[in-house]
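K.L.:
Sharing a model prediction with you, sequence too.
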Amino acid sequence: MKKKIPFFLCMILFNLAANYAHPVTPTLFKMLQFPASMFGISFALMSAGMFISSPFWGKMTGMINSKSAMAIGGIGYGIAQAFFGFGRIPFFIGIARLVAGLSCGAFFVGALTYIANMSLEDERGSYLTLNATIQTVAGAIGYFVGGMLGEISVYLSFVIQVIQLIFTGILVYFVLDEDLEEHDMTLPEVLKASNPFKAFIDGRLFMTKSLALLFTLSTLIFLGYTAVDQSFNYYLKDVFQFTSRYNGMIKGTVGLVSLIFNMTICIYLMKKTDIRKSNIVILFLGMLSVSASLVMKSPLHFIIAIMIFYGFYAIMIPLTQTLITNQAEKKTRNQVLGFYQATKSLGMILGAYIAGMIYSINVMNPFILGAVTFALALILSMIYLRRSIHE
């Protein structure tokens, strides 16, 4: 892949900045005296924006090229976060989170299609793994940095985030190559492509039973992960009374664990094993680790169990992405990856919203939900393996 170093540098910058606000969000909501359910609702709205826009951007990257979509996403996300950080009422913050989701859909779909279009088939899996690793590790480091900035001021985290996101969007546009030779569009074509729901309907053009299984599997993974992740972040502040510094330190450690898992276990599984079978094992271990957290009485043991879960989650993502990418035909790969991003967003919407609702009933409910969804994902992975063997 040409310009792979500038591309992955841009991915690092974006994923760092995208996480600066996360460790201070619980503190911000507490300051504004929002109810506990607000953490789930606000994240669900952002995920809804990604869900609506991802198939649309999957189609648009075939017309305007991937780097343009990434640039729009970076700049749009920066602007949305400015309104989020300095909003004061739930409705205003909700709109900002929705716009942030629309922008994230552009950036992440653009990144996936850039990798798919600019890399050779035999190197695509390793680049997808590297991309997933960067998202996890840079995200965790960004969480740590945001936590440290939040100790100075909650709003400083937002200011630095906005500047870096907009800078990254501009950088992407000027340093990356276009992945299409021709991308001229007429106004009617733009308007027609601007209907995101048509992109969902167009899923019938490439959908197969195997892809349907993988998309459902992906939705369950992200549902369970988001329920655990969002609740864990709020749980640290709500139950343990940790400040943003400790939240950032814990997530920084998560990044190190994820890096170790990805650079060792994941690379080995990609190169040496049948990833259809490996995915089953990793899903089982992920389910086991989050289930273990339910019976941990000590805060330290609880945090360690969740950290191990994060490590296995970091492996699931590149494995699932590679399975979906390999299952797709070349002519519809952009739309398939856009649809994959939509399943991610759908899982995040459901996971965040349900977690926010059931957390107020019992603080452990979201972690139970996570264990159940990973059990269902494990069953679907077994069904997919059986079906793919007989195809």
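P.N.:
Arrived safely.
K.L.:
which ones are touching Ile358?
P.N.:
When contacts are counted by C-beta atoms under 8 Å, 6 or more residues apart in numbering, Ile358 touches Asn365, Pro366, Leu369. (C-beta placed from N, C-alpha, C; glycine too.)
K.L.:
give me the element Lys59 is part of.
P.N.:
Here Lys59 sits within helix 38-64, counting by DSSP states H and E.
K.L.:
Which SSE is immediately downstream of that helix?
P.N.:
The C-terminal neighbour of helix 38-64 among helices and strands, as given by DSSP H and E, is helix 66-85.
K.L.:
Figure out how far the very next helix or strand once past that next one is from the centre of its chain.
P.N.:
Remark: after helix 66-85, the chain's next helix or strand is helix 90-118, criterion DSSP H and E. Taking the mean of its C-alpha atoms, helix 90-118 sits 10 Å from the chain's own mean (C-alpha atoms, centre = their mean, to the nearest Å).
K.L.:
Same question for the helix or strand that helix 90-118 is followed by: list its buried residues.
P.N.:
For helix 90-118, the following helix or strand on the C-terminal side (DSSP H and E) is helix 121-152. Residues of helix 121-152 classed as buried: 124-125, 127-151 (neighbour count, 16 or more other C-beta atoms under 10 Å).
K.L.:
Let me see the ranges of the helices in the stretch 151-300 of the chain.
P.N.:
Along the stretch 151-300 of the chain, the segments classed as helices by DSSP state H, counting those that start in this stretch run 154-175, 187-193, 196-201, 209-238, 244-261, 267-272, 275-293, 299-327.
K.L.:
What angle do helix 121-152 and the fourth one make with each other?
P.N.:
Compare the direction of helix 209-238 with that of helix 121-152 by axes from the mean of the first three to the mean of the last three C-alpha atoms, to 10 degrees and you get 20 degrees.
K.L.:
buried stuff in helix 209-238?
P.N.:
Neighbour counts using 16+ other C-beta under 10 Å place 211, 213-238 of helix 209-238 among the buried residues.
K.L.:
ok, now the fifth one?
P.N.:
Of the residues in helix 244-261, 244, 246-255, 257-259, 261 count as buried by neighbour count, 16+ other C-beta under 10 Å.
K.L.:
Show residues contacting it.
P.N.:
Identification of contacts with helix 244-261 by C-beta under 8 Å, 6+ apart yields 19, 22-24, 26-27, 133, 136-141, 143-148, 150-151, 154, 157, 233, 236-237, 242, 303, 307-308, 310-315.
K.L.:
redo that, cut-off 6 Å
P.N.:
23-24, 27, 136-137, 140-141, 143-144, 147-148, 150-151, 236, 307, 310-311, 314-315 (C-beta atoms under 6 Å, 6 or more residues apart in numbering).
K.L.:
give me the number of residues near Phe206?
P.N.:
By the criterion of other C-beta atoms under 10 Å, Phe206 has 16 neighbours.
K.L.:
shouldn't it be in contact with Arg333?
P.N.:
No - if you go by C-beta atoms under 6 Å, Phe206 and Arg333 don't touch, sitting 8.8 Å apart.
K.L.:
okay, and for this protein, where does confidence drop off?
P.N.:
By pLDDT under 70, the weakly predicted segments of the chain are 180-200, 391.
K.L.:
do you know how far the residue most central in space within the chain is from Thr320?
P.N.:
Of all residues in the chain, the one closest to the mean position by C-alpha atoms, centre = their mean is Lys344, 6.9 Å from it. Shown here: Lys344 relative to Thr320, a distance of 10 Å by C-beta to C-beta, to the nearest Å.
K.L.:
Next: Gly338.
P.N.:
Taken as C-beta to C-beta, the span from Gly338 to Thr320 is 15 Å.
K.L.:
And for Gly76?
P.N.:
27 Å.
K.L.:
Next: Thr25.
P.N.:
27 Å.
K.L.:
ditto for Lys3
P.N.:
Taken as C-beta to C-beta, the span from Lys3 to Thr320 is 26 Å.
K.L.:
Could you do Leu259 as well?
P.N.:
Leu259 is 19 Å from Thr320, by C-beta to C-beta.
K.L.:
Select, out of the helices of the stretch 151-300 of the chain, the one closest to Tyr359.
P.N.:
Checking those against Tyr359 by C-beta to C-beta gives helix 209-238 as the closest, at 5.7 Å.
K.L.:
other SSEs contacting the closest one?
P.N.:
Secondary-structure packing of helix 209-238 (3 or more C-beta pairs under 6 Å, 6 or more residues apart in numbering; DSSP states H and E): helix 299-327, helix 333-359, helix 365-389.
K.L.:
the inter-axis angle of the longest one versus helix 121-152?
P.N.:
Here helix 299-327 points in a direction 150 degrees away from that of helix 121-152 (the same axes, to 10 degrees).
K.L.:
and Gly58, how many neighbours?
P.N.:
30.
K.L.:
for the closest residue to it other than its chain neighbours, what are its contacts?
P.N.:
Of all residues not flanking Gly58 in the chain, Gly338 sits nearest, at 1.5 Å (C-beta to C-beta, 6 or more residues apart in numbering). Contact partners of Gly338, counting by C-beta under 6 Å, 6+ apart, are Ser54, Pro55, Trp57, Gly58, Val109.
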